[in-house]
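3D, please:
(chains A and B)
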There are 2 protein chains.
Amino acid sequence: MSFQKLDELGRSLGALEHALAILAADEATQMAVGGGEARAEAMSALAGMHHRQTTAPEIADWLDAAENETLEPDHAAAVREFRREYTNRTCLPTEFVERQMRTRMRCEQLWRDLRPKGDWTGFLPALEGVIEFAREEAALRADATGLPPYDAMMEQFDPGNRVAEIAPLFAELKSFLVDFVPNALETQQNRLKKTPLRPLSGAYPVEKQRELGLAMMAAVGFDVTRGSLSVSHHPFCGGVPTDVRITTRYRSNEFLSALMGTLHETGHALYEQNLPTEWAHWPLGKARGMAMHESQSLFVEKQIGRNPAFWEWALPVVEKHLGERWERDEILAHVHYVERGLIRVDADEVTYPLHVILRFEIEQELIDGSLAAKDLPEAWDARMRDFLGLSTMDTPQDGPMQDVHWPSGAFGYFPSYTLGAVIAAQQWAAIEREMPDVNQQIARGDFEAVNAWRRKHVWSQASLWTTPELVERSTGEPLNVARFRRHLEKRYGA
Amino acid sequence: MSFQKLDELGRSLGALEHALAILAADEATQMAVGGGEARAEAMSALAGMHHRQTTAPEIADWLDAAENETLEPDHAAAVREFRREYTNRTCLPTEFVERQMRTRMRCEQLWRDLRPKGDWTGFLPALEGVIEFAREEAALRADATGLPPYDAMMEQFDPGNRVAEIAPLFAELKSFLVDFVPNALETQQNRLKKTPLRPLSGAYPVEKQRELGLAMMAAVGFDVTRGSLSVSHHPFCGGVPTDVRITTRYRSNEFLSALMGTLHETGHALYEQNLPTEWAHWPLGKARGMAMHESQSLFVEKQIGRNPAFWEWALPVVEKHLGERWERDEILAHVHYVERGLIRVDADEVTYPLHVILRFEIEQELIDGSLAAKDLPEAWDARMRDFLGLSTMDTPQDGPMQDVHWPSGAFGYFPSYTLGAVIAAQQWAAIEREMPDVNQQIARGDFEAVNAWRRKHVWSQASLWTTPELVERSTGEPLNVARFRRHLEKRYGA
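All right, here's what the predicted structure looks like:
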């Protein structure tokens, strides 16, 4: 009976989440410019209703009762995830959340304004306020979950992520990459000396690129009856599982950024579209978390989309849509291009983890209080020089001001990006073990067996397991960086 | 203090209405085909939340208290409209609403299925069920409002509409039109004998038509920063006042239906875009009702868009976008074309009121029980022969099965269409009295003074007055059909 109440609650919350997801997608793609203020008010009121419904005190009674009922296994699992969500949502006092939200929003607005100017001094006081709140938040979450503070922050995004397990893996990866990046760059330089990069012709009409993107999406498994592709300034994958909204943006002088971006978002979309429908209105039915979600997008973008075998099949499709013929190695020189850079979102798959590890290390010090916000530029610069040999001392906009995460208060999120890459490599390795001919399948544009594996081991599992459990159950080995290292060595090594 | 509670309620309801409006527009224009089921579930859950919030018993206490508080005039007016909405929403028991909804939905589904087949016998039992509910609903609404049953039904759509006032006006209009239609047809025939209709060339690319539509919308006052135009199967004006979504559909072989449809929806949009923003989250801030809303769409479509002066300005715009030159009288022969027909939605402005009056007369008999559903085909046919000299005895799909209103239970709505036309003519007459040069303004594409009049007298008034009060205050005379008669005589007479 208590389960029945949780089930009804799930439907009601599902309706609000459906509305919020579609309103957000609509805002980015359809909304009139003057509609923003009323939209923000409406979404904030709907989010308020969602918050009140998810944190209602009677839910604690329903959960207590349901935990003592004899339930079918999937109902029991559903109760566990209802409990997790309830704990995560009720551990902060409403009054705290409201004060924190105001501080975050002011800091984020200030960031939008001051980042282009690189005005660190103007930005610092607002960031200090956000970090103060984040420390308090971490302490409150630690109290509620019994976890160390930074673990309690990560727990929101990836249940089961623990510094004790991740820190050694990231340390191993860091020490590997600090050596590997120069090697990969040298290998690349030698190759480019022999065969210079063939430049893109620069005339790629948007409509043609869109058709190419749609053809690729459908080929890798996107269900076009339950989703769509449109344009927005910041590409995203949003909407709801029965109507997934992918967006991209096009530059008419090159086609690879929109195409690879579309493949990335398609990876997210496949996860959403293939979640078990019978659990759709429970937290149990949602995608497991940010790291697992990123593993799905990176699986399509990097493991498939940057795989040489993929381009055997893809180049004729590109030629069909864009009327331009490329050799496999010519295009691989573009999609495997490695470069030291200051900006995380522009980084390639070799250097990207170093950007994340830098933030992971710094965030822990910010949360435990051993680093003050005012010392961020030095701390950032020191690591940036160690990791990639670059300095950001004079350009804070390319240093600690580059991401929206900290101004918006999202501490504990960054690790998910690199964990996603690590997990995707483990998944690929597991698939290769099980299907030694997987590259031949992909070379002929056949993604069915790969997707069947992913559906069985990842998508259908939704939130049945913690992130580390799901990694181990799906790939047959605990979270480890060996597969990702080997992946990089194979693709970028000498 | 009680007003404060109503004010907060208004914001919460406003958020749900915002979500429902945008989700509905999205469904018609963006949603993936497979997204329908989850969308219907989400919208029905949101509508349920809205219903629970609008009918909460504590609102009665807030209203009682607020009605005894000393309030600013606009707050007092807001309370009056909160009360009206509360009465309209709480006068039906929830259990009744649920049973009625099931009956309506079954009947509407059956109607979609059986109308194309003209299967009256198959459809009748379902319609009988809906009519039974409508009679009961009218009785319940009569109890709650102290109005006669059919008045109580109309009250939902147009506060203040009363049979005692409308029936004599419609009788006058009917007797006028029964004579006037043959005269207008004869006048038209004589004119066409002299100057035959110039056929449309038939090659109007959709993109060009869209640009023409957008140009016309902007010219007549549509704020493109707070709204947009897109395509849907059934044209509508939806969204929210800060982001009005107009849709149309295009046929590439002619441009007038999309253009006139766009002008019609633009009329609705202007009303929404110009409602007073400070009242936006109260019922008081909404458009007055269906008749007044239709007066705004018909004002733009008929009073402006079919005005010969309008085409002085519009034809060069058409030429610019479509590359086709028309003389004013050539286009007027199209946009003033009159024809006896069976289908209301295809009717011109001369014959349209007869379709509505037929339904108005029949509906009253259905609600008061003097006509049984099984006798509808004969009752319909008899009036159709009297009014327009046409028979529908053998084609019920063109008779009592033609509209969705009855299957969906919307009794009391039809009068609004013709009241809208009548009110638009009164408004035009008032404007002409005040601005004798209005036609010259329109002939040069200057709609500012006309819109300023409408903003002052109609749009800014929102729901401050009942429909008849608003008509009289804005036009200086009570609701009457004389202006509309003169309008038709002038445009279509000998």
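
just checking, A:G238 is part of a helix?
No - counting by DSSP: H, G, I helix; E, B strand; the rest coil, A:G238 falls outside a helix, being strand.

and it, what does it touch?
Going by CB atoms under 8 Å, 6 or more residues apart in numbering or on different chains, A:G238 touches A:21, A:24-25, A:28, A:244-245, A:247. The way it works is simple: take the backbone N, C-alpha and C, and place the C-beta from them, glycine included.

try A:G261
A:G261 neighbours (CB under 8 Å, 6+ apart): A:235, A:248-249.

still on that earlier bit, counting only strands, which of the contacts of A:G238 make the cut?
Counted as lying in strands by DSSP state E, out of the contacts of A:G238, are A:244-245, A:247.

would CSV of those with distance to A:L358, pLDDT and neighbour count be doable?
Shown next, in CSV, are the ones in strands among the contacts of A:G238 (distance: CB to CB, whole Å; pLDDT from 0 to 100; neighbours: other CB atoms under 10 Å in any protein chain shown):
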residue, distance to A:L358, pLDDT, neighbour count
A:V244, 32, 98, 28
A:R245, 32, 98, 28
A:T247, 29, 96, 22
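
Point out the residues in chain A that sit beside chain B.
Contacts of chain A with chain B, taken as CB under 8 Å from any CB of the partner chain, map to A:11-12, A:14-16, A:18-19, A:22-23, A:26, A:29-35, A:37-39, A:41-46, A:49, A:223-228, A:230, A:240-244, A:280.

What about those residues, which are in strands?
Using DSSP E to define strands, the subset of the residues of chain A next to chain B located there is A:227-228, A:230, A:240, A:243-244.

Grab the nearest non-local neighbour of the residue nearest the centre of chain A.
The residue lying closest to the centre of chain A (CA atoms, centre = their mean) is A:E294, at 4.0 Å. Leaving aside its chain neighbours, A:E294 sits nearest to A:G420 (2.6 Å; criterion: CB to CB, 6 or more residues apart in numbering or on different chains).

okay, that neighbour: pLDDT?
At A:G420, the model reports a pLDDT of 98.

That one is in what secondary structure piece?
Element membership for A:G420, per DSSP states H and E: helix A:415-434.

Quick check: the farthest pair among the ones in strands among the residues of chain A next to chain B?
With CB to CB as the measure, no two of these lie farther apart than A:S230 and A:V240, at 15.2 Å.

Figure out the helix or strand that A:M401 lives in.
Using DSSP H and E, no helix or strand contains A:M401.

which residues touch it?
A:111, A:114-115, A:118, A:120, A:123.

same thing with A:G227?
Counting by CB under 8 Å, 6+ apart, A:G227 makes contact with A:239, A:243-246, A:269, A:273, B:32.

Quick check: buried residues in stretch A:424-433?
A:424-431 (16 or more other CB atoms under 10 Å in any protein chain shown).

how about TSV for those, with pLDDT added?
Listed next are those as TSV, based on pLDDT from 0 to 100:
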residue	pLDDT
A:A424	98
A:A425	98
A:Q426	98
A:Q427	98
A:W428	98
A:A429	98
A:A430	98
A:I431	98
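
Please produce CSV containing those residues, extended by distance to A:V206.
Shown next, in CSV, are the buried residues of stretch A:424-433 (distance: CB to CB, whole Å):
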residue, distance to A:V206
A:A424, 29
A:A425, 33
A:Q426, 37
A:Q427, 33
A:W428, 32
A:A429, 37
A:A430, 38
A:I431, 34
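
Give me the pLDDT value at the residue nearest to the centre of chain A.
pLDDT recorded at A:E294 is 98.

what does A:G35 give?
Here the pLDDT value assigned to A:G35 is 94.

list the contacts for it?
A:27, B:226, B:240, B:242-243.

May I ask which of those residues has the most neighbours?
Ranked by neighbour count (other CB atoms under 10 Å in any protein chain shown), the contacts of A:G35 have B:D243 at the top, with 28 neighbours.

Look up how far B:D223 lies from that residue.
Applying CB to CB, to the nearest Å, the value for B:D243 to B:D223 is 10 Å.

Now list whatever residues contact both of those two.
Here B:D243 and B:D223 have A:G34 as joint contacts, going by CB under 8 Å, 6+ apart.

rewinding a little: are any of the residues of chain A next to chain B buried, and which?
A:11-12, A:14-16, A:18-19, A:22-23, A:26, A:29-32, A:34-35, A:38-39, A:41-43, A:45-46, A:49, A:223, A:226-228, A:240-244, A:280.
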